[in-house]
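Student: output the structure for:
(one chain, ligands or ions: 2)
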Amino acid sequence: MQEFDLFVIGAGSGGVRCARIAAQNGARVAIAERRHWGGTCVNLGCVPKKLMVYAAEYGREIDDARAYGWDVTPGPHDWRTLIDAKDREIERLNGIYVSMLKKAGVELFTGDARFVDANTVEIGPSELAPDTAVQTVRAKNIVIATGGAPTRLDIPGAEHAIVSDDAFHLENRPERVAIIGSGYIGIEFAGIFAGLGSQVDFVYRQDLPLRGFDEEMRRHIAELVPLNGITSHPGSTPERIEKTSEGYTLHVKGGKVIETDCVFMATGRHPNLTSLRLDLAGVEVTDGRIVTRLEDAKTNVPGIYAIGDVTDTYNLTPTAIAEGHLLAERLFGETGREWSFGTTPKAVFFSQPLASVGLTEEEAAEHHTLDIYTSSFTPMRQSLSGRKGKAFMKLVVDSKSQVVLGAHMIGPDSPEIIQGLAIAVTAGLTKRDLDRTIGLHPTSAEEFVTMRTPTRHVPPSSDKQN
Ligand SMILES: Cc1cc2nc3c(=O)[nH]c(=O)nc-3n(C[C@H](O)[C@H](O)[C@H](O)COP(=O)(O)OP(=O)(O)OC[C@H]3O[C@@H](n4cnc5c(N)ncnc54)[C@H](O)[C@@H]3O)c2cc1C
Ligand SMILES: NC(=O)c1ccc[n+]([C@@H]2O[C@H](COP(=O)([O-])OP(=O)(O)OC[C@H]3O[C@@H](n4cnc5c(N)ncnc54)[C@H](O)[C@@H]3O)[C@@H](O)[C@H]2O)c1
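Tutor: Numbering: from 1, shown residues only. Ligands and ions are numbered 1, 2, ... in the order given. Next up, the predicted model:
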């Protein structure tokens, strides 16, 4: 039986980084993958999603270009060309992941991995390797990096709905799509399908999309949604889906019905745990996820660790990578590097993207007196084309120390701008630093260094309650 210092289950963002860094530090390392090398981000997440966001955006830009003198008319969009080109790119990236791991000296197992006991793993057939013989290996350390999968609502007719995994491989682009859920995936795909020419119904339970983001930013996003030709249905709880001769009918609580060609459930994700046989290793599961300590990724069983989406903590690629890197260094190398998980930036790649770093106004107001700075303007690139939709920026500043607790932006290039600002916020940026920074003109980003007067002052919410 082969023996390793480290065995990683799952070759996604976190697992690949953990295996590679451990091997580069001299450990004898193996990794198992059952479905696709590179995991969700590369195959069914960030990368194909962003390529599709670009595809949708090109259509809008062709439209804008006419106002700048170009004799062009967009569409119709050829879905097949996009999907085939996207698949070729993903295949190329899969190859890079495999060769990167091999080059680092990591041994690769293709198949479904599961525990035999706390130090033994068995790898059996999977969709990527249906004919593989069962192999058993032992390891001093085992990392569970199995990620997550889309969650389907348990409503009658749920089997008629697609989830994000399916959306990347549809044969044709549906003319009408009803998207359930207004988290990251719901709103990003609403923008994608609308941009490619589909009629989109955006169905969600709350009053505003993107729960968890700054309330004011959510209000601005909600105003931008209809400008993209998307029909919003806030406050709508789905009840059942029926197949009809024309397509599907989505029934919503209160009697509303939505006729569509495709119901897309973007209703969250859950950790991949079911086939792991965690009970044989004694790993505890709480509320469907493996609970770990963020600082060392330890589970309740010595020598078994968990990183990334399987812990249901941050559920983003850069944090899974950071967790994997940190763990590998802690086990086999130097541990000098610090990571600021608290200032993890976030972006929602909608047609008017939203990006944020740090605290929302609501979170910050729990403990601080705040100066809130805001700015709303029409991006210059829209000035000739007349494309609707204002950019909006917001700074959440602690009144006393002048430390910038949060920075938020909706508008063109906001993810690129906020990534830059995230460095400054992580380094302890104050409003005074922004005030003494010279702008870069003409850009949208310069607005962050020219907001002089607070829009409002906000007392701590504890004061409001008294
Ligand atoms: C549509 C979509 C868009 C996204 N967009 C973004 C984005 O723009 N930015 C961002 O930061 N994040 C994004 N995410 C989230 C991001 O993809 C995840 O947070 C990230 O991939 C998590 O990495 P991970 O290593 O924890 O798991 P994963 O990348 O999911 O990797 C886990 C791997 O383990 C394998 N596996 C599972 N069980 C077993 C087993 N028993 N044996 C062997 N292998 C197994 C799986 O096949 C998978 O390849 C997106 C997600 C989705 C679904
Ligand atoms: N740009 C990015 O970084 C990016 C993009 C996509 C996904 N992701 C990651 O993937 C995760 C999953 O994305 P997601 O959009 O599926 O999840 P989410 O948690 O962001 O949103 C889920 C949505 O489903 C709704 N919902 C849940 N249960 C429901 C029910 N019973 N009935 C009706 N609606 C219900 C929620 O109200 C919410 O609107 C995200 O949390 C994020 O971490 C990140």
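Student: what residues does the stretch 251-400 of the chain have near ligand 1?
Tutor: N272, S275, L276, G308, D309, N315, L316, T317, P318, A320 (CB under 6 Å from any ligand atom). No exception for glycine: its C-beta is placed from N, CA and C like everyone else's.
Student: how much space separates the third one from ligand 2?
Tutor: In this structure, L276 and ligand 2 are separated by 20 Å, where distance is defined by CB to the nearest ligand atom, to the nearest Å.
Student: now do the closest residue to that residue other than its chain neighbours, the pLDDT please.
Tutor: With CB to CB, 6 or more residues apart in numbering as the criterion, L276 has its nearest non-adjacent residue at 5.4 Å, and that residue is R114. Looking at R114, its pLDDT is 98.
Student: and the residue of the stretch 201-350 of the chain nearest ligand 1?
Tutor: Residue of the stretch 201-350 of the chain nearest ligand 1, by CB to the nearest ligand atom: G308 (2.1 Å).
Student: hmm, that residue is touching V16, no?
Tutor: No: the criterion here is CB atoms under 8 Å, and G308 misses it with V16 at 10.3 Å.
Student: need the contact list for the closest residue to C262 other than its chain neighbours.
Tutor: Nearest residue to C262, sequence neighbours excluded (CB to CB, 6+ apart): P174, at 3.8 Å. Neighbouring residues of P174 by CB atoms under 8 Å, 6 or more residues apart in numbering: F193, S198, T260, D261, C262.
Student: go on, P125?
Tutor: G111, D112, D131, T132, V134.
Student: state the distance from it to ligand 2.
Tutor: Here P125 is placed at a distance of 28 Å from ligand 2 (CB to the nearest ligand atom).
Student: now the helices for the chain?
Tutor: Applying DSSP state H to the chain gives helices spanning 13-24, 39-44, 46-65, 79-103, 164-167, 184-196, 215-224, 278-281, 317-332, 361-364, 414-426, 431-435, 461-465.
Student: so what's the residue sitting nearest the centre point of the chain scoring on pLDDT?
Tutor: The chain has L316 as the residue nearest its centroid, 5.2 Å off, counting by CA atoms, centre = their mean. Listed pLDDT for L316 reads 98.
Student: and the nearest residue to it once chain neighbours are set aside, how many neighbours?
Tutor: Excluding the flanking residues, the one nearest L316 by CB to CB, 6+ apart is T344, at 6.7 Å. A total of 17 residues lie near T344 under the criterion other CB atoms under 10 Å.
Student: and the pLDDT for T344?
Tutor: pLDDT recorded at T344 is 98.
Student: please apply the same query to the one 4 residues further on.
Tutor: With respect to pLDDT, V348 has a value of 98.
Student: quick check: it touching I187?
Tutor: Yes: contact criterion CB under 8 Å: V348 and I187 qualify, at 6.0 Å.
Student: quick one, domains of this structure?
Tutor: Listed domain ranges for the chain are 2-52+78-149+270-342, 158-267, 352-458 (source: automatic domain parsing).
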